[in-house]
Every structure is written in C-alpha cells, then in structure tokens.
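Peer 1: Sequence plus the predicted model coming up.
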Amino acid sequence: MPGSYDFSATASASAVPNRLYRSVATGIFPANGASIGTFKVSGTSCVAGTPSVGTDVSAFALSPYIVPSTAGAITNYGIGFAFNPGLSATKACTPDGTYYTVAPGTSVAAASTTLVNSPIATACFSCHDSDLDRSHMTTNGGSIYALRSTALATGEQCLLCHGSGKVADIKLMHAK
C-alpha cells in the first residue's frame, strides 16, 4: 500500500512504536554430525527423547548468526513465545529439559536467550545484508540476531535519517 513501506502513511508512522521484535532463533541447533539430546513430556516431567542429529543439509539451513551445538558445547536459545487457546493445559519441555505448563487462555513469554531482530531492521536486513549494512543498523539501535534481553533494551533510530522527508528518505533511496 502506498506509504506503508517507507512510513510516510500516517497509519504506518503511528504504528512504529508498537511493532514487535521478530524471533529468529529458539531451541538448540546441532552441528553436522552432532547428536544433541531432546526431551519429551512424561506425566509432569521431562524425559530424554530421541536425539536430534545435525546433517550436511541442516548445516546449510542455519543462519551464519546461529551457533551450532556440539555434544561438548551446547548453545541453548531457549523457548519462544507460546499461547494456549485450548480448554486444557498444555505441557512442554524446554531444550534443557525443564518441564512447564501453559494454562488455558494464557501464554508463556519467550526466553531472554532467544535471538531476535528489531522491527525495521527485520525488513531492511532481508535485502541490505552486507557487513557494512548490518553494522550501520546495529550502530543506530537496530538488533540483528541479538539476544532478546539485550535487544529489548535498545531502540531503533532508523527513521531519524530514513524517515519521510529526511536526508536518506527510504522512498528516495529506493528510487535510485
């Protein structure tokens, strides 16, 4: 829609403070050949399940900003946000085997260890993904594959220069 991608439309500009951070990594990602244990619910506890093994193919599916786990060095990005719309509690296990339940009609917050991208950086980084672009975004308050605990404490300053009518207006830059 006109004015939505560059925030020149009033509705788009007023929505900026309420845009959500995008989760880009939760859980554990095994390295090629690594066998990392998983857990499944049994009653009211977590028990070891079938291990997840990294493959040649899974190694190529990982973002370069994800640290794959080995049996000796596990990187645990924790659990993501979950909502239970059902009528009974749901049961689950965290990647490290901690049991939790989500009561009907309630949610569980994402772990502070999940990785997130900030709202405007999410859109821009999908095309503008060089090291220089990433550095520009993060230097100016954007978060790219950052720990949720760190990212939520920052604020994007993108529209100071890239907003409608500013020195590096998104619409003008994209027209070049």
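Peer 2: Sure, I can see it.

Peer 1: Show the backbone phi and psi for residue 47.
Peer 2: Its backbone dihedrals place residue 47 at phi -120, psi 150, with angles given as degrees, to the nearest 10.

Peer 1: so what's it bridging to?
Peer 2: Counting by DSSP bridges, residue 47 forms beta bridges with residue 40.

Peer 1: Would you confirm that it contacts residue 38?
Peer 2: No: the pair formed by residue 47 and residue 38 falls short of the contact definition of CB atoms under 8 Å, at 10.2 Å. Backbone N, C-alpha and C define where each C-beta goes, glycine included.

Peer 1: Now do the helix ranked longest in the chain: everything it contacts.
Peer 2: Longest helix of the chain, by residue count under DSSP state H: helix 131-139. With contact meaning CB atoms under 8 Å, 6 or more residues apart in numbering, helix 131-139 is reached by 121, 124-125, 128, 144, 146, 158.

Peer 1: Residue ranges of each domain in the protein, please.
Peer 2: Domain segmentation of the chain under automatic domain parsing yields 25-108, 118-175.

Peer 1: out of residue 47 and residue 38, which sits in the busier spot?
Peer 2: Each of residue 47 and residue 38 has its neighbours counted (other CB atoms under 10 Å); residue 38 has more, 17 against 12.

Peer 1: The more buried one - nearest residue in space that isn't next to it in sequence?
Peer 2: Excluding its sequence neighbours, the residue lying closest to residue 38 (CB to CB, 6 or more residues apart in numbering) is residue 49, at 4.6 Å.

Peer 1: Report the separation between the one you found and residue 27.
Peer 2: Distance, residue 49 to residue 27, using CB to CB, to the nearest Å: 13 Å.

Peer 1: Next one, pLDDT for residue 54 please.
Peer 2: Looking at residue 54, its pLDDT is 91.

Peer 1: With residue 83 instead?
Peer 2: 97.

Peer 1: doesn't residue 107 make contact with it?
Peer 2: Yes: Residue 83 lies in contact with residue 107 (CB under 8 Å); the separation is 4.3 Å.

Peer 1: re earlier: widest-spaced pair of the contacts of helix 131-139?
Peer 2: Across the contacts of helix 131-139, the longest distance by CB to CB is 16.8 Å; it joins 128 and 146.

Peer 1: Please say which of the two ends up with more neighbours.
Peer 2: residue 146 (22 against 13).

Peer 1: residues contacting that one?
Peer 2: 115-118, 138, 154.

Peer 1: helices and strands of the protein: which one has the lowest mean pLDDT?
Peer 2: Least confident helix or strand of the chain, by mean pLDDT, DSSP states H and E, is helix 56-61 with a mean of 83.

Peer 1: Can you give the contact residues for whichever helix or strand comes after that one?
Peer 2: With elements assigned by DSSP states H and E, the helix or strand that comes after helix 56-61 is strand 82-83. Strand 82-83 has contacts (CB under 8 Å, 6+ apart) with 90, 92, 102, 106-108.

Peer 1: Fine by me, thanks again.
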